[in-house]
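**Q** Model the structure of this input:
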Amino acid sequence: MHMLPDIVLRIGIYLASAAITCVALAEDWPQAAGPNHNFVVEGNAPASFSVARNENIRWRTALPSTGQGTVIISAGRAFVTSHEVLDRDTETGSTILGMCFDTPTGKELWRREVPGRRITDLSSLFSDNTAASPVSDGQRVCFTNVGGTVACFNIAGTPLWTRTWTMFGRHHSRQHEPILHGGNVILMHVPRNDLPRSATTKAGAQPLGRGRDVWSYLQAYDLRTGKRRWTADCGTSVHTTSLLGRLPDDDWCILTGRGGGHQPPEEPYGVSLVTASDGRRAWDADIKGYPAAQNASWNEQLACLFVGREHRTLDIKTGRQRQACSLVDDVTVCRIEDESYVTREHQRLPKLRKAITNQSNCLVGDYHYFLAHDDFLIGRVQIWTGAVEYLQVPVQVIRAEGRPDELIWRQARRNDMRNAAGFLATQDRRNAGSGWGHVSAASPTVIGERIYFPTMIGMVYVVDWNAARLDESALVSISDLGPAGETWSLSSLSFADGNIYARTLKELICIGLK
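**A** A predicted model of the protein is given here:
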């Protein structure tokens, strides 16, 4: 049992152990899921940082508008997307900017417009037209406007090729991240290019039905020429984040899913493994009611899924179920009680509406981590034993120069939703919420021994992912990407050359020892 004053002293403070920060690997971060395709990388990064207090911040650069994609690092450049420059309070947008920055200094080098074929709510908690991250092979960079365009440039910003399509359905939650593999960029959209723009709305899509011709599929485009190389055999829901990996026999495959809210047309609901060389189906696993709004996490032996109030594992070779465990019964929970952390075993959580905050899951080692949906709990499942643990964390830390941290456990400050120039960039009031629960969250990132969970209000929970117990001792720090109530982000963190890169509604940030 640890008293709350100890927590206040420790949380958010730069740890002595973090002062020795070295670089184990200096790889680029070429795509949203990183060089290993699974949000996991070796290396050491600052264990604690604060933009609010300017702790371990190398540089910050203002961005023209809101955006959600991960910062991609390649060939000494940082690539990121943003909606267009705002000159007034604005609720919606379509065209995005593909932007290039110098990583040592944060200086902008160039920007290019990438138009879209749909109008979207800016800063939507379910994604906007900037939600798909760039990809780069060090010579070229592709920017994807989720509204229906992919544009490829060389590293100097010279246009190489462009492809367009019309999105089907009204869904804001479009969570596919472009995948870089084998000289291709793998996107997800309807293969037809003759859909009317009205198909991007509920009223316009409904008369077109639910047939295979309006399904979304994984599709590979040659990074050099833009020529489409293959279209996957099976459909992919707009809600799922498909992930690339390698089987024990060295075959590269992609785990993808179907299902989720608002009845996407692709069926049957469940998951499929497809080969990354040609998009052919290796196997399907039908799962009734599969909630596809999660990262399709897997390793060389298991696919790991959240289904209802269960965690399930499938044999990665066959798709057959190996294990199912409850996420609410007989779990271990470490909570604040009377201003102290107390761990209790064999607990039963109250009924959950959903198991996880969308896209907040990450598989690392023997653990599948996630953020709970209905409470401020970091959770993990031991994938072999099925043991489930939860750790309660404050939803927000209010911090300012010369003042002690104020921990907020239940109700976060509403966000100002303003860009660096002070203009509102949002429509839906829910966009100013806490970033837990019904939101398409940024995926966590694992760097060495720590997993970093960013939330929509700019908190970053840093956890020792391999800790023997998921209790207060595993919580390394609660860092931040800016002042409480003034910071908004749905972007995952990236890592290269010992630095962490982040973006918020207002700015691009490089985190590292000065």
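**Q** What's the local residue count around His37?
**A** For His37, the number of neighbouring residues by other C-beta atoms under 10 Å comes to 20. Any C-beta I mention is one placed from the backbone N, CA and C, and that applies to glycine too.
**Q** typed the wrong thing, it's Gln206
**A** Around Gln206 there are 12 residues (other C-beta under 10 Å).
**Q** List phi and psi for it.
**A** phi -60, psi -40 (degrees, to the nearest 10).
**Q** mind checking how far it is from Gly169?
**A** 9 Å (C-beta to C-beta, to the nearest Å).
**Q** Touching both of those two, which residues are there?
**A** Counting by C-beta atoms under 8 Å, 6 or more residues apart in numbering, no residue touches both Gln206 and Gly169.
**Q** Assess the claim that Gln294 and Thr241 are in contact.
**A** Yes. Counting by C-beta atoms under 8 Å, Gln294 touches Thr241, with 7.2 Å between them.
**Q** who touches both of those two?
**A** What both Gln294 and Thr241 touch, as defined by C-beta under 8 Å, 6+ apart, is the set Gln359.
**Q** what residue ranges in the protein score low on pLDDT?
**A** 1-26, 170, 172-173 (pLDDT under 70).
**Q** which ones are touching Thr343?
**A** Applying C-beta under 8 Å, 6+ apart, the residues near Thr343 are 332-334, 469, 471.
**Q** In terms of helices and strands, where is it?
**A** strand 340-347 (DSSP states H and E).
**Q** what sits up against the helix or strand immediately after that strand in the chain?
**A** Toward the C-terminal end, the helix or strand that comes next after strand 340-347 (DSSP H and E) is strand 362-364. Contacts to strand 362-364, defined as C-beta under 8 Å, 6+ apart, come from residues 38-40, 295, 297-299, 304, 368-370, 383, 443-446, 451, 465.
**Q** Who are the contact partners of the nearest residue to Ile356 once chain neighbours are set aside?
**A** Once flanking residues are discounted, Ile356 sits nearest to Phe370: 4.3 Å by C-beta to C-beta, 6 or more residues apart in numbering. With contact taken as C-beta under 8 Å, 6+ apart, Phe370 is in contact with 306, 355-357, 360-362, 378-381.
**Q** Recalculate using a threshold of 10 Å.
**A** The contact partners of Phe370, by C-beta atoms under 10 Å, 6 or more residues apart in numbering, come to 294-295, 297, 306, 311, 327, 355-363, 377-381, 390, 441, 444, 453.
**Q** Could you give the number of residues near Arg281?
**A** So Arg281, with other C-beta under 10 Å, has 13 neighbours.
**Q** how about it, what does it touch?
**A** Contacts of Arg281 by C-beta under 10 Å, 6+ apart are 232-234, 256, 272-275.
**Q** does Val141 sit in a helix, a strand or a coil?
**A** strand (DSSP: H, G, I helix; E, B strand; the rest coil).
**Q** the helices in the protein, which residues?
**A** Here the chain has its helices, by DSSP state H, at 4-10, 202-205.
**Q** how about the shortest one: buried residues?
**A** Meaning helix 202-205. Buried residues in helix 202-205, counted by 16 or more other C-beta atoms under 10 Å: 204-205.
**Q** export it as PDB, just CAs?
**A** Taking C-alpha atoms only, helix 202-205 is exported to PDB below (Å, rounded to 0.1, in the frame of the first residue of the first chain):
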ATOM      1  CA  LYS A 202     -25.600   7.800 -45.100                       C
ATOM      2  CA  ALA A 203     -28.400   8.800 -47.500                       C
ATOM      3  CA  GLY A 204     -26.300   8.400 -50.600                       C
ATOM      4  CA  ALA A 205     -24.800   5.100 -49.600                       C
END
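**Q** how distant is that helix from the center of its chain?
**A** 28 Å (C-alpha atoms, centre = their mean, to the nearest Å).
**Q** ok, and what's touching that helix?
**A** For helix 202-205, the surrounding residues in contact (C-beta under 10 Å, 6+ apart) are 166-171, 195-199, 214, 262, 265.
**Q** When you filter those down to buried only, what's left?
**A** Using 16+ other C-beta under 10 Å, the buried ones in the contacts of helix 202-205 are 166-169, 171, 195, 199, 214, 265.
**Q** Let me know the closest of those to Val395.
**A** His171 (27.1 Å; C-beta to C-beta).
**Q** Distance check, that closest one against Ser124.
**A** His171 is 11 Å from Ser124, by C-beta to C-beta.
**Q** swap in Val333?
**A** 32 Å.
**Q** on that earlier part again, buried ones from the contacts of strand 362-364, can you make that a PyMOL selection?
**A** To isolate the buried ones among the contacts of strand 362-364 in PyMOL, judged by 16+ other C-beta under 10 Å, type:
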select buried, resi 38+39+40+295+297+298+299+304+368+369+370+383+443+444+445+446+451+465
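**Q** The contacts of strand 362-364 in strands, which ones?
**A** Judged by DSSP state E, the subset of the contacts of strand 362-364 located in strands is 40, 297-298, 304, 368-370, 445-446, 451.
**Q** mind putting those residues in a markdown table, distance to Phe495 included?
**A** Output for those, formatted as a markdown table (distance: C-beta to C-beta, whole Å):
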| residue | distance to Phe495 |
| --- | --- |
| Val40 | 10 |
| Ser297 | 19 |
| Trp298 | 22 |
| Cys304 | 23 |
| His368 | 21 |
| Tyr369 | 17 |
| Phe370 | 20 |
| Thr445 | 7 |
| Val446 | 9 |
| Ile451 | 12 |
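**Q** Having no further points to raise, I will conclude here.
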